[in-house]
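> from the sequence below, what's the structure:
(one chain, ligands or ions: 1)
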Amino acid sequence: MGVFFPYRNPRDAYKDDKSVNFLELVEKDMKVLVATEKPFAKEAVDGIRKIVEEAGYTLALLEKYADKAELLAAVADVDALIIRSDKVTAEVVEAAKNLKIVVRAGAGYDNVDCAACSAKGIVVMNTPGQNSNAVAELAIAMMIFMARNQFTPGTGSEIKGKTLGIHAYGNVGRLVGKAGKAMGMEVYAFDPFISDAKVFEADGVIKVDSEEELYKKSQYLSLHIPATEQTKKSIGYDLLMSMPKGATLVNTARKEVIDEVGLAKALEERSDLKYITDIAADSQAELSEKFGKRVFGTAKKMGAETAEANINAGLAAASQIVDFFKTGNKKFQVNK
Ligand code: 3PG
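Below you'll find the model as predicted:
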């Protein structure tokens, strides 16, 4: 990435005019758009507005938009953009002529075309950790929901004493591990980017050295990998078939990491396997029809759907934007 918003800086137009207060000029001009197809809680929007307006900037809101054209129109004159899972494609970047920064209020930024942003000198950030607790709580809730027959009559089971595998030991994975331990589970974790066993040992979690080993051990497997070229469709038939009897795969990460054909085949061949997710599979309706209570997908992605997570992530996004404009701070930049 280049220097602090290169050539887009309005200061450049006046750089030889000593009578201009450049900082004031920049600050006055800034328009921040919150574009959320799935809106933040009202308290989060109020908090974002306060931060943006106190900085002397203008806030615009585009919520529950139904199609891309609305987003393309709304971004036309904005300097900064706050989004959730909203798609910032090359087309959006092209339409946003003044855009200098995009902050994904959340963790995963697979919905942002980072290359297109980089090509225009636009900084992309996320707000790591801010909504993690909400997602972790949902993952644990999903395990119990499946252990108790989706809260329908009949004998269920307990998660205490069962093995829990954490696939990717980031902010959410760690919290799920901690909660799992508190519930009496035996917790294992695999993360291809963490080789130091002490990271796991410090949390009382057992480090395993491969995906294969993790799935073999896990009666409950909680997925926390991002959707990347390497991980897309990487969780499928072989890993599922290797899981212990009665195992449940919990996906609060991304639907794209699942090989849905492999998932369906494994569910077909093993009547003891279960799958639950808050990011419904493309084939969710067929899966539900075929496998009944062994699968469940929420109607809308809901891991980060708590007021607390919205407030934490939304306010962090707004603060990061103000800090970026005022000081050039790019601590959470992801497109480097
Ligand atoms: C994230 O990556 O932070 C989560 O998936 C939450 O996504 P959401 O903001 O669309 O709910």
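> got the residues of the stretch 51-200 of the chain near the ligand?
Within the stretch 51-200 of the chain, the positions near the ligand by Cβ under 6 Å from any ligand atom are 84-85, 106-108, 131. No exception for glycine: its C-beta is placed from N, CA and C like everyone else's.
> now distance to Ala168, secondary structure and neighbour count too, for the residues you listed, in JSON lines please.
Converted to JSON lines, these look like this (distance: Cβ to Cβ, whole Å; DSSP: H, G, I helix; E, B strand; the rest coil; neighbours: other Cβ atoms under 10 Å):
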{"residue": "Arg84", "distance to Ala168": "21", "secondary structure": "coil", "neighbour count": "23"}
{"residue": "Ser85", "distance to Ala168": "19", "secondary structure": "coil", "neighbour count": "18"}
{"residue": "Gly106", "distance to Ala168": "16", "secondary structure": "coil", "neighbour count": "25"}
{"residue": "Ala107", "distance to Ala168": "11", "secondary structure": "coil", "neighbour count": "22"}
{"residue": "Gly108", "distance to Ala168": "11", "secondary structure": "coil", "neighbour count": "16"}
{"residue": "Asn131", "distance to Ala168": "16", "secondary structure": "coil", "neighbour count": "27"}
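> look through the stretch 101-250 of the chain and state the residue closest to the ligand.
Across the stretch 101-250 of the chain, the shortest distance to the ligand (Cβ to the nearest ligand atom) belongs to Gly106, at 2.5 Å.
> quick check: which element contains Leu62?
strand 58-63 (DSSP states H and E).
> ok, Pro192 next?
Short version, using DSSP H and E: Pro192 is in no helix or strand.
> next up, phi/psi of the residue nearest to Asp323 when sequence neighbours are not counted, please.
For Asp323, ignoring the flanking residues on the chain, the nearest one in space by Cβ to Cβ, 6 or more residues apart in numbering is Asn329 at 4.4 Å. Main-chain torsions, Asn329, degrees, to the nearest 10: phi -60, psi 120.
> what pLDDT does Asn329 get?
According to the prediction, Asn329 has pLDDT 98.
> check the gap between it and Val78 for me.
Distance, Asn329 to Val78, by Cβ to Cβ, to the nearest Å: 20 Å.
> swap in Ala105?
With Cβ to Cβ as the criterion, Ala105 and Val78 are 15 Å apart.
> for Glu201, same thing?
The value you get for Glu201 to Val78, if Cβ to Cβ is used, is 47 Å.
> which ones are touching Leu267?
240, 273, 275, 287, 290-291, 294-295 (Cβ atoms under 8 Å, 6 or more residues apart in numbering).
> quick check: which element contains it?
Going by DSSP H and E, Leu267 is part of helix 260-269.
> what lines up beside the very next helix or strand once past that helix in the sheet?
Under the assignment DSSP H and E, the closest C-terminal helix or strand after helix 260-269 is strand 274-277. Strand partners for strand 274-277, identified by DSSP bridges, are recorded as strand 248-251 (parallel), strand 295-297 (parallel).
> okay, domains of the chain per the record?
For the chain, automatic domain parsing gives the domain ranges 10-130+307-327, 132-297.
> quick one: average confidence on the last one?
Per-residue pLDDT values over domain 132-297 give a mean of 98.
> how about the top helix by length along the chain: buried residues?
For the chain, the helix that runs over the most residues, judged by DSSP state H, is helix 307-327. Neighbour-count burial for helix 307-327, with 16 or more other Cβ atoms under 10 Å as criterion, is recorded at 308-322, 324-325.
> same question for stretch 215-231.
By neighbour count on 16+ other Cβ under 10 Å, the buried set for stretch 215-231 is 215-227, 231.
> I'd like the distance from that stretch to the chain centre, please.
15 Å (Cα atoms, centre = their mean, to the nearest Å).
> and for stretch 111-131?
13 Å.
> ok, now stretch 193-201?
For stretch 193-201, the distance to the chain centre is 23 Å (Cα atoms, centre = their mean).
> can you name the residues in contact with that stretch?
By Cβ under 8 Å, 6+ apart, stretch 193-201 touches 169, 189, 206-207.
> farthest pair within the residues you listed?
Tyr169 and Ile206 (11.4 Å; Cβ to Cβ).
> pick out whichever of those two has more residues nearby.
Tyr169 (22 against 17; other Cβ atoms under 10 Å).
> secondary structure of Ala253: a helix, I assume?
No: read with DSSP: H, G, I helix; E, B strand; the rest coil, Ala253 is coil and lies in no helix.
> in space, what's closest to it - neighbours in sequence excluded?
Leu223 (4.4 Å).
> isn't Ala266 right next to Ala247, touching?
No: applying Cβ atoms under 8 Å, one finds Ala266 not in contact with Ala247, separated by 10.1 Å.
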